[in-house]
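Enquirer: need coordinates for the below:
(one chain, ligands or ions: 1)
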Amino acid sequence: MDSTPHQEQGIQPGSDTDVAISIPSMEAYYAFCKEAEEDYEGFWERYARQLLHWTQPFTKVLNESDAPFYKWFEDGKLNASYNCLDRHLLNGNADKIAIRFESDRGEVTHCSYRELHAQVCRFANGLKSLGLKKGDRAVIYMPMSVEGVVAMQACARLGIMHSVVFAGFSAKSLHERLVDVEAKVVITADEQMRGGRILPVKAIVDEALGLADSQTVENVIVYRRTGGDIAWTPGRDRWMDEVSIGQPDSCPAEPVSAEHPLFVLYTSGSTGKPKGVQHSTAGYLLWALMTMRWTFDLKPDDVFWCTADIGWVTGHTYIAYGPLIAGATQVMYEGVPSYPNSGRFWDIIQSHKVSIFYTAPTAIRSLIKSSEADGQIHPRQYDLSSLRLLGSVGEPINPEAWRWYHKHVGKERCPIVDTFWQTETGGHMITPLPVTTPLVPGSCMLPLPGIMAAVVDEAGHEVPNGQAGLLVITRPWPSLARTIWRDPERFRTSYFPQALGGKLYLAGDGCVRDKETGYFTITGRVDDVLNVSGHRMGSTEIESALVANSLVAEAAVVGRPDAVTGEAICAFVVLKGPRPGAEDAARIAAELSSWVGREIGPIAKPKDIRFGDNLPKTRSGKIMRRLLRSLAEGKEITQDTSALENPAILEQLKSTK
Ligand code: PRX
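Expert: You can find the predicted model right below:
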């Protein structure tokens, strides 16, 4: 080896040789589980030492003294970007393609690990020249782009905590997030291209920054995606390419503590505003790498494609960090599955020879609908022989969608890994393993080794197999979120509730284990969180947006099953004025729906809005959501309504457009 970045930076390399990190059989799976049970800390320690590159090796594994604010490998130091990029420059993989990017219009660009490293280094140097440094916070509001990954990696390289905000969120949602993290810089794009359309991006940042309390932002860095006309604030705004130009191709990776916050990602809870879920550096990265290898059984020649957006946790762990730390070649796609037609995903798999394809049930269902509807475009018309493994994420996959995916995309030869996890868990938790676990459509099967999952009742006692209960994780694991940004108490009460004894991580999902096999099936959220097209939405968030409209006196939002989006948002609204007649109702509903789109983002728009003189309430004024759920689904009300103050209201709310 010549003078390596390892030596230059005094880094203690992990052994890049293959430590036992594939699970070739169920016997091996149970052996790993046993190992974790018998020596929990030793199990994690071994992987952390072998798989991560440390500037300062850790001596402590797990610190539980301030539970549930667990710390892992806390006296170790490392850098996430170094682990994702530099390590591959040393092990002969510098020229391996890291990202093959396909634009909305179909243009393809490639970048190798060497090129990506240089691009990240130049941009990191540029950020430094603007005075940004370790401990600062950056908000990234960007479309799917290599530059988005570069922005995340450059922040990680300097120890700047990033918070990526999905570029479909409204100015108001973006504003809330950049105020909460006190961002010093916003990294964005001029515009974005999706489905053949050009959509504004920078204009939304300008609007967000025009709202009160955004003074912490000193710079707005703009990736030139379309070159379209945008407003410009001299002194504050800079082009991304100009920030990087002339900067050196190398940039020392800032060593940070294992517990240093790598990122905050906002997600919806059942109450209040979205929560800033904060992840650590070492624990998060370790699990990103381990799950890339275990769940996807990643091999050097694989072409991995995760269709998520970098604005969600799946895009963080399985685009921006996991595939890179694992040294994979990945495909990244800018656009939507339906453009220019519903064969786009199959076309991408065919032309890039994708071997591992990871997508969401909602995308599968919409593609089933379009391909089975007219029969014109169907996966059978494409050569999908490169595929060897399929994945599903974000919501329960219904068995019919599973079977279609298995038959028409996987040609009955590719296993499907139905991966259950959450923003808070950082990576997969419960998932089949390819080739080893038997597959049951709709079941996530078994927890990965080291993940101690159980199903309990409301008092925290384990329930027998076959009985539904709450999914919990009984021991902390390295990639568990560390806290809720600026609200540690909410972290404690949301995830480690006293009702369950204060020590169990409460996922918020219902679960049942098979009577005989013990396989886990997730039955969906048990709180007021909706899952629309795999996106988490809090019903209270949408209710708050609705009541912020001057026409609305009161609103209640529930989910109802939807054949394509999994759940659809149904809102019951009481106006300040009289209940509208049919014609006005349609107009006001459309108005309120776009209002919610502007307040939160288009993904939060209710599909169904109904008006009543009141909402079904108990005598003490509590809204009976269970009744609303039945009404939303169009079901007969069979529940006991004797506690209702105003039973006549049910009739009014039944009517749908
Ligand atoms: O309800 C579960 C559902 O998505 C929730 C987590 O959403 P989010 O934090 O946005 O992360 C999505 C990507 C990991 C969970 O509480 N969920 C996720 N994956 C599955 C799932 N439900 C059933 N099966 C899954 N495979």
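Enquirer: show residues contacting stretch 525-538.
Expert: Applying CB atoms under 8 Å, 6 or more residues apart in numbering, the contact partners of stretch 525-538 are 267-272, 274, 312, 360-362, 393-395, 423, 470, 508-510, 524, 539-540, 557-559, 562, 564-569, 603-604, 625. (Glycine included, C-beta is placed from N, CA and C.)
Enquirer: apply 7 Å and report the result again.
Expert: When contacts are defined by CB atoms under 7 Å, 6 or more residues apart in numbering, stretch 525-538 is touched by residues 267-270, 360-362, 394-395, 470, 508-510, 539-540, 559, 565-569, 603-604.
Enquirer: quick one: the strands in the stretch 401-550 of the chain, in order.
Expert: 416-419, 453-456, 469-473, 483-484, 505-513, 520-525, 529-532, 535-538 (DSSP state E, counting those that start in this stretch).
Enquirer: please report how far Gly524 lies from Asp509.
Expert: Distance of Gly524 to Asp509, computed by CB to CB, to the nearest Å: 7 Å.
Enquirer: what about those two, which has more around it?
Expert: Comparing Gly524 with Asp509 by other CB atoms under 10 Å, the one with more neighbours is Asp509, at 21 against 17.
Enquirer: okay, and the beta partners of the more buried one?
Expert: Arg525 (DSSP bridges).
Enquirer: tell me the SS of the closest residue to the ligand within the stretch 51-200 of the chain?
Expert: Among the residues of the stretch 51-200 of the chain, Phe166 lies closest to the ligand, at 10.6 Å counting by CB to the nearest ligand atom. Recorded secondary structure, Phe166: coil (DSSP: H, G, I helix; E, B strand; the rest coil).
Enquirer: next one: it, what pLDDT does it get?
Expert: On pLDDT, Phe166 comes in at 97.
Enquirer: what of Ala582?
Expert: At Ala582, the model reports a pLDDT of 88.
Enquirer: any idea how far Phe572 is from it?
Expert: According to CB to CB, Ala582 stands 17 Å off from Phe572.
Enquirer: with Val532 instead?
Expert: 17 Å.
Enquirer: between those two, point out the one with more neighbours.
Expert: Each of Val532 and Phe572 has its neighbours counted (other CB under 10 Å); Phe572 has more, 29 against 21.
Enquirer: what helix or strand is the more buried one on?
Expert: strand 566-575 (DSSP states H and E).
Enquirer: so that strand versus strand 520-525, what angle?
Expert: For strand 566-575 against strand 520-525, the angle by axes from the mean of the first three to the mean of the last three CA atoms, to 10 degrees is 20 degrees.
Enquirer: can you give me every residue that contacts the residue positioned nearest the centre of the chain?
Expert: The residue lying closest to the centre of the chain (CA atoms, centre = their mean) is Val313, at 2.3 Å. By CB under 7 Å, 6+ apart, the contact set of Val313 is Leu265, Thr423.
Enquirer: nearest to the ligand: which residue in the chain?
Expert: Proximity to the ligand, evaluated over the chain using CB to the nearest ligand atom, is greatest for Thr423 at 3.4 Å.
Enquirer: okay, now that residue: neighbour count?
Expert: Counted with other CB under 10 Å, Thr423 comes out at 19.
Enquirer: thought Gly269 was touching it, still the case?
Expert: No - counting by CB atoms under 7 Å, Thr423 does not reach Gly269; the two are 10.3 Å apart.
Enquirer: quick one: secondary structure of the nearest residue to Met161 once chain neighbours are set aside?
Expert: Leaving aside its chain neighbours, Met161 sits nearest to Pro261 (4.5 Å; criterion: CB to CB, 6 or more residues apart in numbering). With three-state DSSP as the basis, Pro261 sits in coil.
Enquirer: for Pro261, give me its contacts.
Expert: Applying CB under 7 Å, 6+ apart, we find Pro261 in contact with Met161, Gln278, Ser280.
Enquirer: how about the contacts made by the last one?
Expert: If you count contacts by CB under 7 Å, 6+ apart, Ser280 has them with Trp72, Ala258, Glu259, Pro261, Leu262, Arg482.
Enquirer: what's around the third one, how many residues?
Expert: Residue crowding around Glu259 was assessed by other CB under 10 Å; the count is 20.
Enquirer: can you check the first one too?
Expert: Using other CB under 10 Å, Trp72 is surrounded by 28 other residues.
Enquirer: repeat for the last one
Expert: Around Arg482 sit 25 other residues, with neighbours defined as other CB under 10 Å.
Enquirer: near the ligand, which residues of the chain? Just list them.
Expert: 267, 313-314, 392-396, 418-423, 444, 507-509, 522, 525, 531, 536 (CB under 6 Å from any ligand atom).
Enquirer: ok, 8 Å please
Expert: Taking CB under 8 Å from any ligand atom as the contact definition, the chain meets the ligand at 267-268, 277, 308, 312-314, 392-397, 418-425, 430-431, 444, 507-509, 522, 524-525, 529, 531, 534-536.
Enquirer: which residues of the stretch 351-500 of the chain score low on pLDDT?
Expert: The model of the stretch 351-500 of the chain has pLDDT under 70 over residues 374-375.
Enquirer: who's in contact with Tyr519?
Expert: Here Tyr519 is in contact with Val440, Ser443, Met445, Leu446, Arg513 (CB under 7 Å, 6+ apart).
Enquirer: cool, His406 as well?
Expert: Counting by CB under 7 Å, 6+ apart, His406 makes contact with Glu412, Ile416.
Enquirer: how about Thr362?
Expert: Thr362 makes contacts with Glu395, Ser533, Gly534, Val564, Thr565, Gly566, as judged by CB under 7 Å, 6+ apart.
Enquirer: again, but for Val150
Expert: Per CB under 7 Å, 6+ apart, neighbours of Val150: Gln119, Val120, Phe123.
Enquirer: all set, thanks.
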